[in-house]
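>>> Could you work out the structure for the sequence below:
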Amino acid sequence: QTTVYMADGYARSTGKIGVALVVPGPGAYNAGAAMSTAYATSSPVILISGQIDSNAIGKDFGALHEIENQLGFMAPVVKWNDMVNKTEAIPEIIHRAIQEVSTGRPRPVEIEIPPDLLANEQNIEFVEKEIFTPLEPDINEIANAIDIIMKSKKPVIWAGGGANLSDSSDVLVELAESLNAPVITTPEGKGAIPESHALNMGTSSYGFGPSKNIIPESDVMIVIGSRLGSYRPETGSVPHENMKLININIDPTEIGKTYNADVGIVSDAKTGIQAILDILKSKHYNSNWDSSYLAETKNGYRSHLLDIAPRQVELLQSIRNVLPKDTFVISGVTNMGSWSSIALDMFEPRTFITSSYMGTLGYAFPTSLGVKVGNPSKPVISLCGDGGFMYGIGELATAVQYGINVVTVVFNNHRYGASNKDQNLRFKGRTVGTELHNPDFVQLAESFGVKGIKVNSLDESSKAIEAALDMDAPVVVEIELPSDLNFPYYIDQ
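Reported below is the predicted structural model:
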């Protein structure tokens, strides 16, 4: 599991291909959760899995690690997979894997190589390196989009994970400024436009966000690299029936899946936006959005967050104040991780990493190791819960052995918080398996050679994290978190 998480973190934070290697059978099965996360987040990960000897495949002999139809097991969480059936085919299959993660939607792929074929000594012809170019949009669809935009009064831009994955931050900002259009991001789109930018209204997640104030006022939504999913559609944060929708997505199956698109542009997000900009430059357009209204909406939303979750928001703001702007934050499946998606400002592309709709418990810490390997000169911090952190504690040894200097914040409320809350609310306090008997995380970290810091008061959290960042070493910061802090998805707006 953890090796694929690391490959995923490396891939999403750098835009390069992440590669992981596992043994077949239990190794491949353990990798499944991480592969599903890479699949959900459109991450260019190549998993190279072993197999049993080629002459025993499908014979059910009970060979070590034997799984019948391992390719079939992996199929739901990969874009493509295949098994090598002869040694000389290895270069071609490796090339195909690289092609799959480098073109279209960059989801993970899997290759299986039997050990006897891998051990063969044979003359091999390598496949010549190929340069893959971004998918260009249909010029007719671009013209249709321009027509809708020019007739609009109040366009809004919805930026999803594709805005980061395509490295389209510069053209996204240019488009927003050209149209004077407010931007709403998903958690996966955070950082594609700095949250300090006047046109960035904030992040929409769990039904929270400025979208419920902006979208009803809008007449056109330009969707960039997003599935347009929503946890809480009843809050008004989704397209309305009188709105025109322009959808730019590299995956044609996503266009019109959740909401009908008036224009569907199948394209790499960056090339799609650039094509729109190239035509807009010759035209005169300015929206009817009032800058003071947008500022009031943005500030009002932030005040609303502070009113309904003061301890969570104040804690995240204090942490943000000590983080350099280029810090990578890996947001775990935990209380503060959930709040970070809507209350923690991010300023640079690719710097906020989530498990998206997979909601993978335990992914944050090992993913942060891959992020740091890919970005050794930049600060990396993972926000973990106590339960999730325990999934990958063995990788503390990896951090020490290879000098991977991440800061891991463990918010300890002695429970699987969301499940425990659910049991209390829905099942009258009949809790089963959600209250945890934890180790002393500082002593545990120190037993691996990792530095540990214990924080007993939320007010001390930011100072501890600032000190951890200055240590330039793997550090675990354990913060005692009150068990009564609510999750955003349990709050009635």
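
>>> neighbours around residue 309, how many?
By other C-beta atoms under 10 Å, the residues close to residue 309 number 22. All C-beta atoms are positioned from the backbone trio N, CA, C, and that covers glycine.

>>> and if you look at the one 4 residues further on?
A total of 20 residues lie near residue 313 under the criterion other C-beta under 10 Å.

>>> which residues does it contact?
The contact partners of residue 313, by C-beta atoms under 8 Å, 6 or more residues apart in numbering, come to 305, 306, 339, 343.

>>> Export these as JSON lines, with columns for secondary structure, neighbour count and pLDDT.
As requested, the contacts of residue 313 are exported to JSON lines (DSSP: H, G, I helix; E, B strand; the rest coil; neighbours: other C-beta atoms under 10 Å; pLDDT from 0 to 100):
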{"residue": "305", "secondary structure": "helix", "neighbour count": "21", "pLDDT": "93"}
{"residue": "306", "secondary structure": "helix", "neighbour count": "14", "pLDDT": "94"}
{"residue": "339", "secondary structure": "helix", "neighbour count": "26", "pLDDT": "95"}
{"residue": "343", "secondary structure": "helix", "neighbour count": "24", "pLDDT": "95"}
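
>>> Any regions of this protein where pLDDT drops low?
Within the chain, the ranges that satisfy pLDDT under 70 run 230-237, 492-493.

>>> which stretches of the stretch 101-250 of the chain form strands?
All strands of the stretch 101-250 of the chain, identified by DSSP state E, counting those that start in this stretch, fall at 109-113, 155-159, 183-185, 200-203, 220-224, 244-249.

>>> and residue 124, which of those is closest to it?
The closest of those to residue 124 is strand 109-113. By C-beta to C-beta, the value is 13.2 Å.

>>> Show the secondary-structure elements that that closest one is packed against.
With contacts defined as 3 or more C-beta pairs under 8 Å, 6 or more residues apart in numbering; DSSP states H and E, strand 109-113 has these neighbours: strand 45-50, helix 70-74, strand 80-83, helix 90-102.

>>> quick one: buried residues of the second one?
Same thing as helix 70-74. Residues of helix 70-74 classed as buried: 70, 71, 73, 74 (neighbour count, 16 or more other C-beta atoms under 10 Å).

>>> Thought residue 81 was touching the last one, still the case?
Yes: with contact defined as C-beta atoms under 8 Å, residue 74 and residue 81 form a contacting pair (5.4 Å).

>>> Residues that sit against both of those two, list them.
Taking C-beta under 8 Å, 6+ apart as the contact rule, residue 74 and residue 81 both touch residue 110.

>>> thinking again about what came up before, Throw the strands of the stretch 101-250 of the chain into a markdown table and include distance to residue 14, thanks.
A markdown table is the format used below for these (distance: least, C-beta to C-beta, whole Å):
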| stretch | distance to residue 14 |
| --- | --- |
| strand 109-113 | 18 |
| strand 155-159 | 20 |
| strand 183-185 | 20 |
| strand 200-203 | 23 |
| strand 220-224 | 21 |
| strand 244-249 | 22 |
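
>>> so which of those comes closest to residue 289?
Per C-beta to C-beta, nearest to residue 289 of these: strand 155-159, 8.5 Å.

>>> Please report how far the closest residue to residue 283 other than its chain neighbours lies from residue 246.
Nearest non-adjacent residue to residue 283, counting by C-beta to C-beta, 6 or more residues apart in numbering: residue 150, 6.6 Å away. To residue 246, residue 150 is 12 Å away according to C-beta to C-beta, to the nearest Å.

>>> These two: which has the busier surroundings?
With neighbours defined as other C-beta under 10 Å, residue 150 and residue 246 compare such that residue 246 has more, 27 against 12.

>>> check contacts around the more buried one.
145, 148, 149, 220, 221, 222, 223, 261, 262, 263, 265.

>>> hmm, which of those are the buried ones?
Among these, those classed as buried by 16+ other C-beta under 10 Å are 145, 148, 149, 220, 221, 222, 223, 261, 263, 265.

>>> Same list (those) but as a markdown table, adding distance to residue 486.
Supplementary listing: the buried ones among the contacts of residue 246 in a markdown table, determined by distance: C-beta to C-beta, whole Å:
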| residue | distance to residue 486 |
| --- | --- |
| 145 | 41 |
| 148 | 41 |
| 149 | 40 |
| 220 | 35 |
| 221 | 30 |
| 222 | 34 |
| 223 | 30 |
| 261 | 36 |
| 263 | 40 |
| 265 | 40 |
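
>>> Perfect, that will be all.
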